[in-house]
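**Student:** Generate coordinates for the sequence data below:
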Amino acid sequence: DFIADGRLRPEEVRLDFAGQFDPPGRDDNRRAAEALGLGDLVVDHGALPYGAALRLLAASTVILLVGDLDLRAGQYIPGKLFDYLAVGRPILALLRPGEAEAIVRRLPGAYVAPPDDGAAIRAVLERLVDDWRAGRLAAGIDVLREPAFEPYRRDRQAAAFAALFRQVVSEASSRS
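**Tutor:** Numbering: from 1, shown residues only. From the prediction side, this is the model:
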C-alpha cells in the first residue's frame, strides 16, 4: 500500500534478509513478496558469517524483528534481539506481548505491533515512515551502555549463564 499510494518510492525501500528466508523446499515468503509486488525489493542474502550479518544490521535504517505466531511466543526472547540491541538501530518488531516485546518497547524509537494484527502493523509502519521522513529515527544509540539494558549485553548474559552452569554442576556433584 505504501508504494501503491505513493507514500514510498520503490527506490526508497529494500528488505534485506540474512539467514533462512524460506525453509528448504519451501518458497512461501518469496511467493508472498512477489504477490505483494515486493519481489524486486527483497534481497535474500542467505546464511552469512556472524560479522557480515552484524555489518548488514548496522548499515540498516530499521531492523525488522518478526516473532513467532505461536501463542507461547511471548514467553521467550529471540537470541537475535541481543544483536539488534547491540547495533543501536531502530527496531520494527512484530511480536506477541511478552518478554521480548517489553524490552523493545523500552527502546528509543521502538516500533512494535502484534505479528497477526494488520491494522496495528499498518499504524506502526505509518508512524515509522513519518518519523523517517521527518528525520526522527533514533539511531546510533548505545542502549546496552544504559543501566536498564546492561543485563542484555552478551558479556553479562555469558557471565550469568556461566554462574548458573557452575551452580548446577556444584549442586549435582554435591548430590553424588
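
**Student:** Chain neighbours aside, what residue packs nearest to the most centrally placed residue in the chain?
**Tutor:** Geometric centre of the chain, nearest residue: Leu65, 2.5 Å, by CA atoms, centre = their mean. Spatial nearest neighbour of Leu65, excluding adjacent residues (CB to CB, 6 or more residues apart in numbering): Ala93 at 4.4 Å. Glycine gets a C-beta too; all of them are placed from N, C-alpha and C.

**Student:** Next: Asn29.
**Tutor:** Nearest non-adjacent residue to Asn29, counting by CB to CB, 6+ apart: Asp22, 4.9 Å away.

**Student:** Leu128 versus Pro90, what's the distance?
**Tutor:** Separation of Pro90 from Leu128 (CB to CB, to the nearest Å) stands at 8 Å.

**Student:** More neighbours: those two, which one.
**Tutor:** Legend: neighbour count by other CB atoms under 10 Å for Pro90 and Leu128, higher for Pro90 (22 against 18).

**Student:** In contact with that one, which residues are there?
**Tutor:** Pro90 is in contact with Thr61, Val62, Ile63, Leu107, Gly109, Ala110, Tyr111, Leu128, Leu137, Ala138, Ala139, counting by CB atoms under 8 Å, 6 or more residues apart in numbering.

**Student:** try 10 Å
**Tutor:** With contact set as CB atoms under 10 Å, 6 or more residues apart in numbering, Pro90 has these partners: 60-63, 84, 107-111, 128, 131-132, 136-139, 141.

**Student:** Check which helices and strands the helix ranked longest in the chain sits against.
**Tutor:** Ranked by residue count and defined by DSSP state H, the top helix of the chain is helix 154-175. Here helix 154-175 touches helix 80-87, going by 3 or more CB pairs under 10 Å, 6 or more residues apart in numbering; DSSP states H and E.

**Student:** residues in contact with the helix it packs on?
**Tutor:** 18-19, 50, 53-60, 63-65, 67, 78, 90-91, 93, 95, 99-100, 103-104, 107, 139-144, 149, 152-154, 156-157.

**Student:** Same question for it: list its buried residues.
**Tutor:** Buried residues in helix 80-87, defined by neighbour count with 16 or more other CB atoms under 10 Å: Leu81, Phe82, Asp83, Tyr84, Leu85, Ala86, Val87.

**Student:** what mean pLDDT does it have?
**Tutor:** Mean per-residue pLDDT for helix 80-87: 87.
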